[in-house]
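In: Pasted the sequence and its predicted model underneath.
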Amino acid sequence: MNATDSAVDARLALRRRVAIAAIFFVNGFAFASWVPHIPTVQTRLGISAGALGLALLAVAIGALVSMPLTGIFLGKWGSSRVTLVSSVLFCALIALPVRAPSLPLFVLSLFALGAINGAMDVAMNAHGVVVERWMGRPILSSLHAMFSLGGLVGAGCSMVVLKSGFSPAAHMAGAAVGGVLLVGAAARWLGPGSAGSAGSTPMFVLPRGPLLFLGGLSFFVLLTEGAVADWSAVYLRHSLHADPHMAGAGYAVFSLTMTAGRLVGDRLAATFSPVTLLRTGGLLAAGGLGAALLLNHPLAAVVGFGCMGVGLSNIIPLMFSAAGRTPGIPSGMAIASMSTAGYGGFLAGPPLVGFVADVVGLPLALGMLVVFLSIVAASAGWMGTSNRMGEPQVDQPAG
């Protein structure tokens, strides 16, 4: 290969990486655009916290239905095509919940949104792995940072738009159009996706032993993330009586600090042991939320959610690394299994908080998350005592 060919390959690699990063950004942006409208829809439909939690459960059910089917679609049509189709559909469906005229239609729209979001989540991560293999070096952490950045931008734009007096329906229509345009711009450079290799080997194992323990911890961590995403705005607006345009501030700051934490995560992992990072992150997240709940003030809540973002930002990558070193289980299968457990927590968090809030109130329900995060911090010693993280394992392409 001559120098010209190398330069062309380098440019193509950069374009493919930017293209899939844009898809991750769209997913975070669209989801965060919807979050601040949850309390508005709750008020408009006149539903309780428990009913809202039950409605949000439809998102989880939709995702759990679609995820196994997405694996079939990936094997038949390839990750690039499935990523594009699911991304466009996700942008279209994100505008539906705010328009729902009744609780049944609200639940139906959330089910559809959850189904296509689950498909997009699986597809874009699968295509991220394809691009990662093509480049020959890890890029998934930076892709997830783009998801966080998208969440930050989406939440920030929501605050500005709502402050300007736009209706939720108009805002979400604009977010949907913007997302589709960005997906369209990325489509040209996504590159080919794997169409058959995913089905040639097992892609899932039941967690057991150390992997079961890691799956349990990831369940708690992502349960907390899901709860913050769906309940931070409700807590600020209804429990602390913050101004409507400030409802999205908690999730915006959470996304900002999580993005910042992920951007420096590799450097931190090279300096500190996984035990130190996990324990510090868990304690910071638990302490920040706990202090915010005790202070019972909107500003304290925003700061507390920011502490959670920093604390949680690098815990899941640490667990991915530990799962990849699980004895007797191939790295990819172990990480897939742990990710499934964690995603289950992300989906279960919002309805669980809603059910508990109906009994003891939302502040105490959020206090439950402090307990979960404390368990994560207390379990840090199990991760091992090495001073440095090992290099992430990246599967090499066949041939």
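Out: Sure, I can see it.

In: on contacts alone, who are the packing partners of the helix or strand that contains Cys157?
Out: Element membership for Cys157 (DSSP states H and E) is helix 140-163. With contacts taken as 3 or more Cβ pairs under 8 Å, 6 or more residues apart in numbering; DSSP states H and E, helix 140-163 sits against helix 3-34, helix 103-135, helix 168-187, helix 249-263. No exception for glycine: its C-beta is placed from N, CA and C like everyone else's.

In: neighbours of the nearest residue to Gly150 once chain neighbours are set aside, just the number please.
Out: Leaving aside its chain neighbours, Gly150 sits nearest to Gly28 (2.9 Å; criterion: Cβ to Cβ, 6 or more residues apart in numbering). Around Gly28 sit 23 other residues, with neighbours defined as other Cβ atoms under 10 Å.

In: remind me which residues of the protein are low pLDDT?
Out: For the chain, residues meeting the criterion pLDDT under 70 lie at 1-8, 137-138, 193-209, 266, 320-321, 323-326, 328-337, 339, 383-399.

In: do you know how far Gly151 is from Pro36?
Out: 12 Å (Cβ to Cβ, to the nearest Å).

In: same thing with Gly165?
Out: For Gly165, the distance to Pro36 - Cβ to Cβ - is 14 Å.

In: Next: Val26.
Out: 18 Å.

In: ok, now which ones touch the residue nearest to Met258 when sequence neighbours are not counted?
Out: Using Cβ to Cβ, 6+ apart and skipping the chain neighbours, the partner closest in space to Met258 is Gly309 (3.8 Å). Going by Cβ atoms under 8 Å, 6 or more residues apart in numbering, Gly309 touches 253-261.

In: buried ones in the helix or strand where Gly309 lies?
Out: Using DSSP H and E, Gly309 maps to helix 298-312. Buried positions in helix 298-312, judged by neighbour count with 16 or more other Cβ atoms under 10 Å: 298, 300-312.

In: what's the angle between it and helix 140-163?
Out: Between helix 298-312 and helix 140-163, the angle comes out at 170 degrees (axes from the mean of the first three to the mean of the last three Cα atoms, to 10 degrees).

In: Output helix 298-312 as PDB, restricted to C-alpha atoms.
Out: C-alpha atoms of helix 298-312 as PDB (Å, rounded to 0.1, in the frame of the first residue of the first chain):
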ATOM      1  CA  PRO A 298     -33.600  23.300  43.100                       C
ATOM      2  CA  LEU A 299     -30.000  24.600  42.900                       C
ATOM      3  CA  ALA A 300     -28.900  21.800  45.200                       C
ATOM      4  CA  ALA A 301     -30.700  19.200  43.000                       C
ATOM      5  CA  VAL A 302     -29.000  20.500  39.900                       C
ATOM      6  CA  VAL A 303     -25.600  20.300  41.600                       C
ATOM      7  CA  GLY A 304     -26.400  16.800  42.900                       C
ATOM      8  CA  PHE A 305     -27.400  15.500  39.500                       C
ATOM      9  CA  GLY A 306     -24.100  17.000  38.200                       C
ATOM     10  CA  CYS A 307     -22.200  15.000  40.900                       C
ATOM     11  CA  MET A 308     -24.000  11.900  39.700                       C
ATOM     12  CA  GLY A 309     -22.900  12.500  36.100                       C
ATOM     13  CA  VAL A 310     -19.300  12.700  37.100                       C
ATOM     14  CA  GLY A 311     -19.500   9.800  39.400                       C
ATOM     15  CA  LEU A 312     -21.300   7.400  37.000                       C
END
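
In: gap between the two ends of stretch 85-100?
Out: 24 Å (Cα to Cα, to the nearest Å).

In: That stretch: how far from the chain's middle?
Out: 17 Å (Cα atoms, centre = their mean, to the nearest Å).

In: got the buried residues for it?
Out: 85-98, 100.

In: Excluding chain neighbours, what is closest to Gly282?
Out: Gly282 sits nearest to Ala377 (Cβ to Cβ, 6+ apart), 2.9 Å away.

In: secondary structure element for Gly349?
Out: helix 331-360.

In: tell me how far that helix is from the chain's mean position?
Out: The answer for helix 331-360 is 11 Å, by Cα atoms, centre = their mean.

In: Output the contacting helices and strands for that helix.
Out: Checking 3+ Cβ pairs under 8 Å, 6+ apart, helix 331-360 ends up next to helix 49-77, helix 210-234, helix 315-324, helix 362-378.

In: Next, the angle from that helix to helix 210-234.
Out: 40 degrees.

In: returning to what we had before: and the helices and strands packed on helix 331-360: which comes nearest Met146?
Out: Of all the helices and strands packed on helix 331-360, helix 315-324 sits nearest to Met146, with 14.4 Å by Cβ to Cβ.

In: sorry, back to before: could you give the angle of the helix holding Gly349 to helix 49-77?
Out: Using the same axes, to 10 degrees: helix 331-360 against helix 49-77 is 160 degrees.

In: tell me the angle helix 331-360 makes with helix 103-135.
Out: 150 degrees.

In: residue contacts, Leu278?
Out: 315, 318, 376-377, 379-380, 383.

In: Can you tell me how far the closest residue to Thr257 other than its chain neighbours is from Val228?
Out: Excluding the flanking residues, the one nearest Thr257 by Cβ to Cβ, 6+ apart is Gly309, at 3.3 Å. Separation of Gly309 from Val228 (Cβ to Cβ): 8 Å.

In: joint contacts of these two?
Out: Common neighbours of Gly309 and Val228 (Cβ under 8 Å, 6+ apart) are Phe254.

In: quick revisit: in a markdown table: the helices and strands packed on helix 331-360, plus distance to Ala119 and mean neighbour count.
Out: Conversion of the helices and strands packed on helix 331-360 to a markdown table gives the following (distance: least, Cβ to Cβ, whole Å; neighbours: other Cβ atoms under 10 Å):
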| stretch | distance to Ala119 | mean neighbour count |
| --- | --- | --- |
| helix 49-77 | 4 | 19 |
| helix 210-234 | 18 | 24 |
| helix 315-324 | 21 | 23 |
| helix 362-378 | 28 | 19 |
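
In: could I get those as TSV with distance to Met146?
Out: Converted to TSV, those look like this (distance: least, Cβ to Cβ, whole Å):
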stretch	distance to Met146
helix 49-77	20
helix 210-234	16
helix 315-324	14
helix 362-378	25
